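Undergrad: need the 3D shape of this:
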Amino acid sequence: IKLAPRTGGLWNTMKRYRGQLKGLKNIQIVKQRRKAEEALQTFIDSDKKRKKKYGTILDEIGTFYKEKREKAGYEMALRYFFFSYPLSTAYTLYEASIERKKKDTDRNSAYMDRNFDRTKQRLKLRMRNYYEPFEKIALKEMMMRAAKLEGEYKIPAVENIVKAGTGPQPIGHSGRLSKSKKSSHKNKILVHSNIEKAIDAFIEKVYGDTKLKDPDFAMSLFGKSTAELEKSNDPFIALAAALYPTMEKHEKDAKRQKGILDSLLSRLVDIKKQFLGKEFIPDANGTLRLTYGKIKGYSPADAVYYRPFTTVDGIIKKHTGEEPFIVPQKLMDLHKARDFGPFAHPELNDVPVAMLYNMDTVGGNSGSPVLNAKGELVGLNFDRVFEATINDYAWDESYSRSIGVDVRFILWFTQKFGGSHLLKEIN
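TA: Numbering: from 1, shown residues only. I've put the predicted structure just below:
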């Protein structure tokens, strides 16, 4: 249960990427995009002024993403270090001690006056899901990955931990003194083993010595100066302080990269408008987004058709008595008695649970209201079908379906199963 927020997020991410990869292959988006880019490049090259201004735009974007791929391992290690709640807490405390000294408008948004209380509360709530066995596994995995990074992507904080724990490297580690591939291979295994031992020892020590597993203690450190935090001798605060220069550089690089990409994409949009001879719909991210469509089933594969509604009967039929398919007895009794009240679908003769519709939704639309043509609430959006995860790249009437929970199920469940007090509360 404590891992549910993190595993749930990871499962959603994995499902989305698997769906997108399937969609990319099924509708051959890469082939379509390559063909479109070739046509765009031909259009650019056909005019001297266009060629001078936009001639290298596609190559520049390609180079940008090539460089981004090269640092993917580095960025992943930095990001997932903070799957460790004590480290995430320590870093927030350390960063707050620096940011809170700045003018409010110059601070990172999490530490601005208007957001600071929320940042503290979010930190305390996260610590409720602390589960140490997982914490150690996750931090070790990221540190092992970080220890393999080379050149400009080495992380000094991790390097110092490894050096302190491994001692001098065996002869042949550099490859210059090895007399055979076999001995070089043995030395690589030995080095890997030493690194792993160093990281294991470090993790056992920091989790054994830290006081940041106690949410109340962690909250008491908010407002402390950087010097006071460093004097606390907490090992996770020491690690956060060691990581801070790397993270600060990474954040500056990310802002610089965003500026570069925004400029490139702006130029790309300009030339695509000329090429296609039409305007584009503006990006609606971060704004009120409305989309319209119809409740409608679809066919995900040959000879397969998904109807637009599921029902309570479908829930009952999934019951196995074992996780995750355990249906409460009370719900089964209500269904057996056909105690549907006014919430049954007239054609299905059952309470509808989920519904499909051909509206274009995005990540972040979960919980959005689904309204009928009269503006009445008929459902709440919560997902896209597996095939529609490709919507981020291409929407198509044949497979793009979103999923909402039918308001009739919400009302039936709260009234009949339990929660009628909630209905009274909202009048």
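
Undergrad: ok, longest helix in the chain?
TA: Identified as the longest helix of the chain according to DSSP state H is helix 235-276.

Undergrad: after that one, which helix or strand is next?
TA: As assigned by DSSP states H and E, the chain's next helix or strand after helix 235-276 is strand 298-301.

Undergrad: got the buried residues for that following strand?
TA: Neighbour-count burial for strand 298-301 flags Y298 (criterion: 16 or more other CB atoms under 10 Å). All C-beta atoms are positioned from the backbone trio N, CA, C, and that covers glycine.

Undergrad: quick one: distance of that strand to the chain centre.
TA: Chain-centre distance of strand 298-301: 27 Å, with CA atoms, centre = their mean, to the nearest Å.

Undergrad: that one pairs with which strands, parallel or anti?
TA: strand 304-306 (antiparallel) (DSSP bridges).

Undergrad: neighbouring contacts of the following helix or strand past the partner strand?
TA: Sequence order places strand 309-311 as the next helix or strand after strand 304-306, per DSSP H and E. For strand 309-311, contacts defined as CB atoms under 8 Å, 6 or more residues apart in numbering pick out 295, 345, 348, 350-356, 406.

Undergrad: any idea how far strand 309-311 is from the middle of the chain?
TA: On the basis of CA atoms, centre = their mean, strand 309-311 sits 29 Å off its chain's mean C-alpha point.

Undergrad: so which other helices or strands are in contact with the helix or strand that that strand is followed by?
TA: The helix or strand immediately downstream of strand 309-311 is helix 312-318, counting by DSSP H and E. Judged by 3 or more CB pairs under 8 Å, 6 or more residues apart in numbering; DSSP states H and E, the packing partners of helix 312-318 are helix 329-336, strand 352-357.

Undergrad: just the mean pLDDT for the last one, thanks.
TA: Right, strand 352-357. Mean per-residue pLDDT for strand 352-357: 97.

Undergrad: which other helices and strands does it contact?
TA: Packing partners of strand 352-357 (3+ CB pairs under 8 Å, 6+ apart): strand 309-311, helix 312-318, strand 402-406, helix 407-412.

Undergrad: between these, which gets nearest to L24?
TA: With respect to L24, and counting by CB to CB, the nearest of those is strand 402-406 at 19.7 Å.

Undergrad: got the contact list for the closest one?
TA: For strand 402-406, the surrounding residues in contact (CB under 8 Å, 6+ apart) are 309, 351-361, 365, 370, 378-385, 388.

Undergrad: C-terminal to the lowest-mean-pLDDT helix or strand in the chain, what's the next element?
TA: Taking mean pLDDT, DSSP states H and E as the measure, the helix or strand of the chain with the lowest value is helix 181-209, at a mean of 77. Past helix 181-209, heading to the C-terminal end, the next element that is a helix or strand (DSSP H and E) is helix 215-220.

Undergrad: tell me which strands and helices that following helix is in contact with?
TA: helix 113-126.

Undergrad: tell me the contacts of V385?
TA: Residues near V385 by CB under 8 Å, 6+ apart: 298, 300, 306, 356, 399, 401-403.

Undergrad: max pairwise distance over the residues you listed: which two?
TA: Farthest-apart pair in these is P300 and S402; separation 14.1 Å (CB to CB).
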